[in-house]
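**Student:** Predicted coordinates and the sequence they were generated for:
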Amino acid sequence: MSIFKAEIDVGIIENAVRAASILVDEAKTNINEEGMQIRAVDLANVCMVSISLKALAFDYYDASPLSIGLNLTRTADLLKSAKKDEHIEMEYLEEKNRIKFVLDKLSYSLALISLDTIKKEPKTPKIDLPVRVVMDGKEFRRAVKAAEKVSDYITFDAKEDGLKIASIGETSEMSLDILKEDLSAFDIEANVHSMFDLGYILDIAKALIGAELVEIRIGDNYPIKIRSEFAGGKGEIEYLLAPRVEE
Amino acid sequence: MSIFKAEIDVGIIENAVRAASILVDEAKTNINEEGMQIRAVDLANVCMVSISLKALAFDYYDASPLSIGLNLTRTADLLKSAKKDEHIEMEYLEEKNRIKFVLDKLSYSLALISLDTIKKEPKTPKIDLPVRVVMDGKEFRRAVKAAEKVSDYITFDAKEDGLKIASIGETSEMSLDILKEDLSAFDIEANVHSMFDLGYILDIAKALIGAELVEIRIGDNYPIKIRSEFAGGKGEIEYLLAPRVEE
Amino acid sequence: MSIFKAEIDVGIIENAVRAASILVDEAKTNINEEGMQIRAVDLANVCMVSISLKALAFDYYDASPLSIGLNLTRTADLLKSAKKDEHIEMEYLEEKNRIKFVLDKLSYSLALISLDTIKKEPKTPKIDLPVRVVMDGKEFRRAVKAAEKVSDYITFDAKEDGLKIASIGETSEMSLDILKEDLSAFDIEANVHSMFDLGYILDIAKALIGAELVEIRIGDNYPIKIRSEFAGGKGEIEYLLAPRVEE
């Protein structure tokens, strides 16, 4: 018999669910004694997300190893209607193949999806990225939003003196230039430049909306890793996005 | 000569108008020395609303018996643009067959609708409902909103131990269970269960958005009465909604 | 070599750009030692706007005489995403034929439009308007919004005792009547009445949304001038709108 029973602030679980729901409607969710993990890749195989939330982030947590097929869109919908600091109880109902959410007197149960019908969990590729930047989350979101008005692509450049996030359109250009001394962390082994579809980066920026700091790892025409923490460091969201190669 | 001249807070008269405008665009409005009353039934003959607002709720009130055809949609539009605590003057202009609204220096006059063209006022049916519940307005609205994500129907069940508001969909279920000791009032003569179209209940919940308490009377596969007060008890809104019989 | 380099609060330059962008997407912008000026007329030749912003309104200002073709829509979009009290730097890049905006570390450059393709700047017609009213900006906007629910036209009437802004529809009428003693200023040489397309007046009211006072000059079936100040009196917006002649 598999067990999953937990209590947590709505805002924390919402963060986790939203981070995955920008890429997929449903995902395999792995639960064990350590906590919860979701790993998913979008239909186009362009972007991968890994989310983990430690058992310590929960007010109550009791689980045996278990994988469930979670409808993220429905779950996100439900969580949206609750207040962020409200308490939510979650429980796996094995016989009914459902997950039950309880918000005060209100209970809600959702059918789980067969794992056979869910896109397989991706393997995490091993990639070595020579630049690591930790920057202010607000500044990251601002650069990404400014790029939206300019073109459909966004570039990340790192040189010894700092980071440039830019977008070049036919009639306008934007760039956010941050000197290394204005970054929270900056490690560079080589100068790099990569370009990405702005749509994905916009979705990622939105999913990380509460993050104070964002860690970015960049290579040269290589995938980008964008990572942030939530739940006071007990949760972690990491995106790996394939580059768009320039002509 | 018929007279109607009154002054009141915008928020109060808006409450009354909105409660009717969720069901009908125009309604016969009865005015007399005691106050104002609207009774209307929607086109589908499924839901009836009775609104009454006592003369005492007004800051100034002078009226002789009179029935007018009021365009609720236009009136609600006008009131929406004013602040809730603003003062509004209303006056019936008999020769012009209009009603005049004055908000500070701004005046607005609206043609009245011939009573011949308005759907007849319904008679209030005599029905005996064995369960009476008084519950928190916010909790009522929350249950109704949660049901929206689940299916198009909502059920009300009362047993000796309390009230259950629930909705069952193909992939999810919700229920709000309130024990009798957590209700403001609970009188029960028999166990009951009735099901309703959620669309109506959602509209009603929206119309009662300011209500701290909601009184509900339920029968067994029978109409439901949902009632609340406004204007500090000097106004009353009551809906009577036909059940949807389950197959 | 032409120079334009300036620093200002975002809110001030946004006011100026928005005032013109309600009428045209792009406009010739004149810059000189005194400040900036935009004069533009809409495609239908019904409404003209003149905007001026003195060099004194800027925190830093250095300019030699220069005319640029500015894409107002794109500029307004950019400014909208910044906070009103944020600081913006603007610089004309002559070789690139662009204007550069810098908001903190974020820079944005926008291609200028050839002045040949922009609708010619209108000449300011000399017109003599016998009534001058200075009224509360909020009251002006309120009257205009109330008219929206009534018809597509709005009339301005001035008589010795004051101003009436009104709109007459098939089933409703609105009017704002302000006695001369309730106006901030009221000079009248003759009774006047003019009617205007409400769409334009609504746009103007929206563009003047921050204005505490609005100055209006009216004639008899004649154009109306609507003027207000911004940037603490160092900026000025004036609209001249042709009347709609009544049948």
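**Tutor:** That came through fine. Numbers count the residues shown, from 1 in each chain, chains lettered A, B, ... in the order given.
**Student:** According to the record, where do the domains of chain A fall?
**Tutor:** A:4-116, A:131-241 (automatic domain parsing).
**Student:** Okay, now the last one: how far is its last residue from its first?
**Tutor:** Start-to-end span of domain A:131-241 (CA to CA, to the nearest Å) is 15 Å.
**Student:** Show the average pLDDT along it.
**Tutor:** For domain A:131-241, mean pLDDT is 96.
**Student:** so how far is that domain from its chain's centroid?
**Tutor:** Chain-centre distance of domain A:131-241: 14 Å, with CA atoms, centre = their mean, to the nearest Å.
**Student:** now swap in stretch A:74-83 and tell me
**Tutor:** Per CA atoms, centre = their mean, the centroid offset for stretch A:74-83 relative to its chain is 17 Å.
**Student:** buried sites along that stretch?
**Tutor:** A:R74, A:T75, A:A76, A:L78, A:L79, A:A82 (16 or more other CB atoms under 10 Å in any protein chain shown). Using the backbone N, CA and C atoms, a C-beta is placed for each residue, glycine as well.
**Student:** Put the alpha carbons of that stretch into CSV.
**Tutor:** Only the C-alpha atoms of stretch A:74-83 are listed here, as CSV (Å, rounded to 0.1, in the frame of the first residue of the first chain):
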residue,chain,number,x,y,z
ARG,A,74,-6.7,21.4,-12.9
THR,A,75,-4.5,21.4,-9.8
ALA,A,76,-3.2,24.9,-10.6
ASP,A,77,-6.8,26.1,-11.2
LEU,A,78,-7.9,24.8,-7.8
LEU,A,79,-4.9,26.3,-6.0
LYS,A,80,-5.4,29.7,-7.7
SER,A,81,-8.7,30.1,-5.9
ALA,A,82,-7.2,29.7,-2.5
LYS,A,83,-5.2,32.3,-0.5
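**Student:** Tabulate the buried residues of stretch A:74-83 (CSV), appending secondary structure.
**Tutor:** Shown next, in CSV, are the buried residues of stretch A:74-83 (DSSP: H, G, I helix; E, B strand; the rest coil):
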residue, secondary structure
A:R74, helix
A:T75, helix
A:A76, helix
A:L78, helix
A:L79, helix
A:A82, coil
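**Student:** with those in mind, which one is nearest to C:D203?
**Tutor:** A:A76 (38.3 Å; CB to CB).
**Student:** Now that the closest one has come up, it's in contact with A:E14, right?
**Tutor:** Yes: here A:A76 reaches A:E14: they are 7.1 Å apart, a contact under CB atoms under 8 Å.
**Student:** Contact residues of chain A facing chain C?
**Tutor:** A:139, A:142-143, A:145-146, A:149-150, A:170-178, A:182 (CB under 8 Å from any CB of the partner chain).
**Student:** Just the buried ones from those residues, in ChimeraX syntax?
**Tutor:** Command for ChimeraX, covering only those of the residues of chain A next to chain C found buried under the criterion 16+ other CB under 10 Å:
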select /A:139,142,143,146,149,150,172,173,174,175,176,177,178
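**Student:** and chain B, which of the residues of chain A next to chain C reach it?
**Tutor:** Within the residues of chain A next to chain C, nothing lies near chain B by CB under 8 Å from any CB.
**Student:** which bits of chain A sit near chain B?
**Tutor:** Checking chain A against chain B by CB under 8 Å from any CB, the hits are A:N71, A:R74, A:D77, A:L78, A:S81, A:K105, A:L106, A:S107, A:Y108, A:S109, A:L110, A:A111.
**Student:** now do 7 Å
**Tutor:** Taking CB under 7 Å from any CB of the partner chain, the part of chain A that reaches chain B is made up of A:R74, A:D77, A:L78, A:S81, A:K105, A:L106, A:S107, A:Y108, A:S109, A:L110, A:A111.
**Student:** can you map out the helices along chain A?
**Tutor:** Here chain A has its helices, by DSSP state H, at A:10-21, A:72-80, A:137-148, A:198-207.
**Student:** need these in a markdown table with distance to B:T29, can you?
**Tutor:** A markdown table is the format used below for the helices of chain A (distance: least, CB to CB, whole Å):
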| stretch | distance to B:T29 |
| --- | --- |
| helix A:10-21 | 44 |
| helix A:72-80 | 39 |
| helix A:137-148 | 50 |
| helix A:198-207 | 48 |
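**Student:** Out of these, which is the most enclosed?
**Tutor:** helix A:10-21 (a mean of 23; mean count of other CB atoms under 10 Å in any protein chain shown).
**Student:** tilt between that one and helix A:198-207?
**Tutor:** 170 degrees (axes from the mean of the first three to the mean of the last three CA atoms, to 10 degrees).
**Student:** what does helix A:10-21 rub up against?
**Tutor:** Defining contact as CB atoms under 7 Å, 6 or more residues apart in numbering or on different chains, one finds that helix A:10-21 is touched by A:27, A:38, A:40, A:49, A:51, A:53, A:57, A:72-73, A:75-76, A:79, A:82-86, A:88, A:207, A:210, A:230-231, A:235, A:237.
**Student:** The same query, at a cut-off of 8 Å, please.
**Tutor:** A:27, A:36, A:38, A:40, A:49, A:51, A:53, A:57, A:72-73, A:75-76, A:79-80, A:82-88, A:90, A:103, A:207-208, A:210, A:230-231, A:235, A:237 (CB atoms under 8 Å, 6 or more residues apart in numbering or on different chains).
**Student:** Next: stretch A:88-107.
**Tutor:** Outside stretch A:88-107, the residues touching it (CB under 8 Å, 6+ apart) are A:1-10, A:13, A:31, A:60, A:66, A:68, A:70, A:75, A:78-79, A:82, A:86-87, A:108-112, B:139, B:142-143, B:146, B:174-178, B:182.
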